[in-house]
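Asks: pasting the structure only:
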């Protein structure tokens, strides 16, 4: 049973299109995230939701809109795609506020977006 | 502004050797320092983490050394194995929000048989 699952795994699209990536976690965690990994493998947080409430919104263009219908799901919708949006997008989840391994991020396998 | 700097960018080690990856941070408010391991085509996975109240933490072949005054921490992989070949990321966060991680640039480790 996959803990954090994302769909689709690969996405190839044209500039200007709108696309969505879906994420689901079955770990019972209360916090979910979107991270972006660029072509140099650099990982940067984009958004975080805690119990369906947006708590982190890093300086991301407003073409990116996350939505959390419930605490097990976090989707990412991207409008008017640009070449620079090409990256691997990772969904992750955690149970916040703990010590040690609690608070550990569990990542999905990523969704590779290619904008042509 | 790169708040967490990681080196080296790539590392080649012989099987059985010691792999050492270093990180330096700027923000003294950081209080949680994990290392993540990423295999090709997979998401990062937590390897080991430390808080600044201890100077070292060991889990199996993996050890974090932490120097609070120098604002540096490092990952040591003892008896490196080909299966350890992956990209390693150090990271830092502050407060109770341990999931808002500031990552280093990553180190690609290759362990030769």
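Replies: Good, I have the coordinates. Computed from a predicted model, the values in this text were never measured in an experiment. Numbers count the residues shown, from 1 in each chain, chains lettered A, B, ... in the order given.
Asks: gap between stretch B:18-38 and the chain center?
Replies: 5 Å (C-alpha atoms, centre = their mean, to the nearest Å).
Asks: buried sites along that stretch?
Replies: Judged by neighbour count using 16 or more other C-beta atoms under 10 Å in any protein chain shown, the buried positions of stretch B:18-38 are B:19-25, B:30, B:32-38. In short, each C-beta sits where N, CA and C put it, glycine included.
Asks: how many other residues sit next to the residue lying closest to residue A:71 once chain neighbours are set aside?
Replies: Using C-beta to C-beta, 6 or more residues apart in numbering or on different chains and skipping residues adjacent in sequence, the residue nearest residue A:71 is residue A:51, 5.2 Å away. Per other C-beta atoms under 10 Å in any protein chain shown, the neighbour tally for residue A:51 reads 12.
Asks: Please tell me how far residue A:51 sits from residue A:95.
Replies: As judged by C-beta to C-beta, to the nearest Å, residue A:51 and residue A:95 stand 11 Å apart.
Asks: burial count for the nearest residue to residue B:104 once chain neighbours are set aside?
Replies: By the measure of C-beta to C-beta, 6+ apart, the closest residue to residue B:104 outside its immediate chain neighbours is residue B:6, 2.9 Å from it. Neighbour count of residue B:6, defined by other C-beta under 10 Å: 22.
Asks: ok, the residue nearest to residue A:71 - contacts?
Replies: Residues near residue A:51 by C-beta atoms under 8 Å, 6 or more residues apart in numbering or on different chains: A:30, A:31, A:71.
Asks: Hmm, residue A:29 is touching residue A:91, no?
Replies: No - counting by C-beta atoms under 8 Å, residue A:29 stays clear of residue A:91, with 11.3 Å between them.
Asks: Which residue of these two possesses the greater neighbour count?
Replies: For residue A:29 and residue A:91, the more surrounded residue by other C-beta under 10 Å is residue A:91, and the numbers stand at 29 against 21.
Asks: Number of residues surrounding the nearest residue to residue B:9 once chain neighbours are set aside?
Replies: Distances taken as C-beta to C-beta, 6+ apart place residue B:107 nearest to residue B:9, at 6.4 Å, with adjacent residues excluded. If you count neighbours by other C-beta under 10 Å, residue B:107 ends up with 23.
Asks: Show the contacting residues for residue B:107.
Replies: With contact set as C-beta under 8 Å, 6+ apart, residue B:107 has these partners: B:6, B:7, B:8, B:9, B:10, B:11, B:21, B:87, B:88, B:89.
Asks: Of these, which is the most crowded?
Replies: Most surrounded of those: other C-beta under 10 Å gives residue B:89, at 27 neighbours.
Asks: For that one, which non-adjacent residue is spatially closest?
Replies: Residue B:89 sits nearest to residue B:36 (C-beta to C-beta, 6+ apart), 4.6 Å away.
Asks: helix/strand/coil for the one you found?
Replies: On the three-state scheme (DSSP: H, G, I helix; E, B strand; the rest coil), residue B:36 is labelled strand.
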